[in-house]
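> Sequence first, predicted model second:
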Protein chains: 2
Amino acid sequence: MRRTPVGRQTRARGIPEATVARLPLYLRALTALSERSVPTVSSEELAAAAGVNSAKLRKDFSYLGSYGTRGVGYDVEYLVYQISRELGLTQDWPVVIVGIGNLGHALANYGGFASRGFRVAALLDADPNVVGSTAAGLPVRHMDELESIVAGQHVSIGVITTPPGAAQQVCDRLVEAGVTSILNFAPTVLNVPDGVDVRKVDLSIELQILAFHEQRKSGEEPEEGPIEEPPVRERTPGPVRAAAAKLRRAAGGKDTKGDSDRQAVLPA
Amino acid sequence: MRRTPVGRQTRARGIPEATVARLPLYLRALTALSERSVPTVSSEELAAAAGVNSAKLRKDFSYLGSYGTRGVGYDVEYLVYQISRELGLTQDWPVVIVGIGNLGHALANYGGFASRGFRVAALLDADPNVVGSTAAGLPVRHMDELESIVAGQHVSIGVITTPPGAAQQVCDRLVEAGVTSILNFAPTVLNVPDGVDVRKVDLSIELQILAFHEQRKSGEEPEEGPIEEPPVRERTPGPVRAAAAKLRRAAGGKDTKGDSDRQAVLPA
DNA sequence: TAGATTGTTAATCGATTAACAATC
DNA sequence: TAGATTGTTAATCGATTAACAATC
């Protein structure tokens, strides 16, 4: 366990992860208020804008310090600054994107990137046909340059948008080169040494979670197959694969969903 | 609170959200094992492949039922089927993608989409210049067709990849048309009625969370400015905006990071 | 039977929430 | 002062984890 020193003055270190994950949401809402020149905001209003409840917001802010004024609310600009600083956004974060396919392209063009301290230091790809093209005005450079770019530009954050098969290998090279934070879009579990953070963004997982809940909305219980035979449970493992796969394919045809009314969220 | 009936036979309903979110990870690891024709796997092995610890995995599986064999492990094919069914992946999920910019394009081409029951029913865009082009072999259709497509193809899942300004409006139309699950890539908080699920994928938020931890790794405490004056706390809100913004810009220049050794994860 | 591994219990930890005293 | 709203407390809830009895 890494132990960070306790704050010298007021605040104790150790902001809960759940709070850290919400700070960007608050910051976004505050930035919108700031652009509308709103001077102050209450926890109730800000919470509504960020999509959380106000008790949670106040608790979250209490980890940062006492930045509000009782009876009044929070000063928008002041809070924007405090949260930005807490998140480390008052400094510049050069980022490399590895794998310039469709997704890498999309990310390179993503506006929100530059807006908050993040700067695309380089786009990298292993494919000679891609290297030399440009994306978002930047040249795509060859993977061979990874190490020198990371070292030369002090890059500590890498984004992986390669095919899944290449992700671990790319990750290893990034870490070896000195990157200590990785945002992984490839559907792969990455193994990294201690001290390296990995976060993942996974479309497929998100869709599957939605499907889980959707299935329940349409009134379907996935427990036992309603009419069809439930797949035979093979107690003795061994040559059961083919049979099980067959069962799975057969079960794939089942679909009571097409009949249900799309509008009815909770049909009887 | 929605109350689902208790399972008729063995299992009680109500799988914890944290467990649901991990089922796709297990499924992916199991699918890889299945492709390698591995017949059985222990909780220890599977947990390692999925990047969790084995106690958690066994607890998770215990919510689904008793699908393992003591002393042996889990039958890979059988478990693939059970988890697929639990997640609702044994049925077909038509999906619409709204907003065919860089990201929408990338998603349309995403292979993992089709692999697990999800099928792109339509690509939609409001821009006449984009409508009629093709992405991933599918024609981009106009937003006007949204309602008829959702109704006609029983679409219950929508993916929003529009600019942030259009997201809520698109969301409203999707919900009105009958969509009850939304995956939102736009950096906007979406308001939806009860019964509609929203999940969000937000690059900017993920990067900010990484930056937070990265800042701590480089030994920097964001508490009080080390040398610079901490920004003046204006107690009386009002015309403080300009001053605070100025302070914020000034503080942006501060950067002790460039000096630190990229390799040293925990410098003293 | 002996060895292996699951499924479950119980303890612990972290996050959420309502309520309200403090205070502007 | 009266009204409003923060910051904090304490209760509750949900998730994680180690340990081990059950059992293949």
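That came through, no problem. Predicted model, so just to flag it, every value in this text is computed and none were measured.

> what does chain A put close to DNA strand D?
Proximity of chain A to DNA strand D (C-beta under 7 Å from any atom of the strand) is limited to residues A:41-44, A:54-55, A:58-59, A:61-62, A:66-74, A:235. (C-beta placed from N, C-alpha, C; glycine too.)

> Which ones among those map onto helices?
A:43-44, A:54-55, A:58-59, A:61-62 (DSSP state H).

> Give the full set of residues in contact with A:V76.
A:30, A:33-34, A:38-41, B:241 (C-beta atoms under 8 Å, 6 or more residues apart in numbering or on different chains).

> please redo it, this time with the cut-off set to 7 Å
A:30, A:33-34, A:38-41 (C-beta atoms under 7 Å, 6 or more residues apart in numbering or on different chains).

> okay if I get the residues you listed as TSV plus pLDDT?
Listed next are the contacts of A:V76 as TSV, based on pLDDT from 0 to 100:
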residue	pLDDT
A:L30	98
A:L33	98
A:S34	97
A:V38	98
A:P39	98
A:T40	98
A:V41	98
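
> Tell me the buried residues within these.
The neighbour-count test (16 or more other C-beta atoms under 10 Å in any protein chain shown) marks A:30, A:33-34, A:39-41 as buried among the contacts of A:V76.

> quick check: mean pLDDT across stretch A:120-137?
Stretch A:120-137 comes out with an average pLDDT of 96.

> for stretch A:81-101, same thing?
pLDDT averaged over stretch A:81-101 gives 96.

> From the chain's centroid, how far away is it?
The chain centroid and the centroid of stretch A:81-101 are separated by 14 Å under C-alpha atoms, centre = their mean, to the nearest Å.

> mind listing what's buried in stretch A:44-60?
Result for stretch A:44-60 [16+ other C-beta under 10 Å]: buried residues A:45-50, A:52, A:57, A:60.

> Between the two ends of it, how far is it?
Chord length of stretch A:44-60, first to last residue, is 13 Å (C-alpha to C-alpha, to the nearest Å).

> now stretch A:96-110
14 Å.

> got a list of contacts for that stretch?
Under C-beta under 7 Å, 6+ apart, the answer for stretch A:96-110 is A:120-125, A:130, A:135-136, A:138, A:140, A:149-150, A:155, A:158-162, A:170, A:185, B:102-103, B:105-106, B:109, B:203.

> Just the ones of these in strands?
A:120-125, A:135, A:138, A:140, A:158-160 (DSSP state E).

> now the residues you listed as TSV including neighbour count?
Output for the ones in strands among the contacts of stretch A:96-110, formatted as TSV (neighbours: other C-beta atoms under 10 Å in any protein chain shown):
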residue	neighbour count
A:V120	20
A:A121	21
A:A122	21
A:L123	26
A:L124	27
A:D125	23
A:A135	20
A:L138	14
A:V140	21
A:G158	29
A:V159	29
A:I160	25
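
> quick one: contacts for A:E214?
B:88, B:156-157, B:180-181.

> In space, what's closest to A:S181 - neighbours in sequence excluded?
Residue nearest to A:S181 in three dimensions, not counting chain neighbours: B:L210, with 4.1 Å by C-beta to C-beta, 6 or more residues apart in numbering or on different chains.

> contacting residues for the one you found?
B:L210 neighbours (C-beta under 7 Å, 6+ apart): A:157, A:181, A:183, A:197, A:199.

> Excluding chain neighbours, what is closest to A:A126?
A:A126 sits nearest to A:M143 (C-beta to C-beta, 6+ apart), 4.7 Å away.

> pretty sure that neighbour is touching A:A122, no?
No: under the criterion of C-beta atoms under 7 Å, A:M143 makes no contact with A:A122, lying 10.6 Å away.

> quick revisit: where helices are concerned, which of the contacts of A:V76 count?
Using DSSP H, the contacts of A:V76 in helices are A:30, A:33-34.

> okay, those in JSON lines with distance to A:A166 next?
Output for the ones in helices among the contacts of A:V76, formatted as JSON lines (distance: C-beta to C-beta, whole Å):
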{"residue": "A:L30", "distance to A:A166": "39"}
{"residue": "A:L33", "distance to A:A166": "42"}
{"residue": "A:S34", "distance to A:A166": "41"}
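
> Now flag whichever of those is closest to B:A21.
Closest approach between the ones in helices among the contacts of A:V76 and B:A21, by C-beta to C-beta: A:L30, at 28.3 Å.

> How about the contacts made by the closest one?
Taking C-beta under 7 Å, 6+ apart, one finds A:76, A:79-80, A:83 in contact with A:L30.

> related to what we said a few turns ago, let me know the closest of the ones in helices among the contacts of A:V76 to chain B.
The closest of the ones in helices among the contacts of A:V76 to chain B turns out to be A:S34 (C-beta to the nearest C-beta; 7.5 Å).

> and A:L107, how far is that from A:S181?
A:L107 is 15 Å from A:S181, where distance means C-beta to C-beta, to the nearest Å.

> again but with A:V38, I slipped
Distance from A:V38 to A:S181, counting by C-beta to C-beta: 33 Å.

> quick one, helices of chain A?
Counting by DSSP H, the helices of chain A are A:17-35, A:43-50, A:54-64, A:76-87, A:102-109, A:111-115, A:146-152, A:164-177, A:203-217, A:241-252.

> Tell me which two of the contacts of A:E214 sit farthest apart.
That would be B:G88 and B:T180, which, of the contacts of A:E214, are the farthest apart (C-beta to C-beta) at 12.8 Å.

> Cross-check the contact I'm expecting between A:R199 and B:L207.
No: counting by C-beta under 7 Å, A:R199 stays clear of B:L207, with 8.6 Å between them.

> between these two, what contacts are shared?
A:L183.

> In JSON lines, list the contacts of B:L210 along with distance to B:A166, pLDDT and neighbour count.
Shown next, in JSON lines, are the contacts of B:L210 (distance: C-beta to C-beta, whole Å; pLDDT from 0 to 100; neighbours: other C-beta atoms under 10 Å in any protein chain shown):
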{"residue": "A:I157", "distance to B:A166": "29", "pLDDT": "98", "neighbour count": "22"}
{"residue": "A:S181", "distance to B:A166": "31", "pLDDT": "98", "neighbour count": "26"}
{"residue": "A:L183", "distance to B:A166": "25", "pLDDT": "98", "neighbour count": "22"}
{"residue": "A:D197", "distance to B:A166": "33", "pLDDT": "97", "neighbour count": "16"}
{"residue": "A:R199", "distance to B:A166": "27", "pLDDT": "97", "neighbour count": "15"}
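
> of all the residues you listed, which comes closest to chain B?
A:S181 (4.1 Å).

> List the residues that contact the closest one.
A:156-157, A:197, B:210, B:213-214.

> can we see that at 6 Å?
Applying C-beta atoms under 6 Å, 6 or more residues apart in numbering or on different chains to A:S181 gives the contacts A:156-157, A:197, B:210, B:214.

> List the contacts of stretch A:16-24.
A:60, A:63, A:83, A:87, B:205, B:208-209, B:212.

> make it 8 Å
By C-beta under 8 Å, 6+ apart, stretch A:16-24 touches A:50, A:52, A:56-57, A:59-60, A:63, A:83, A:86-87, B:202, B:204-205, B:208-209, B:212-213.

> any residue of it up close to DNA strand C?
Yes: using C-beta under 7 Å from any atom of the strand, stretch A:16-24 reaches DNA strand C at A:16-19.

> just the buried members of the residues of chain A next to DNA strand D?
In the residues of chain A next to DNA strand D, the ones that pass as buried (16+ other C-beta under 10 Å) are A:41, A:43, A:61, A:68-69, A:73-74.
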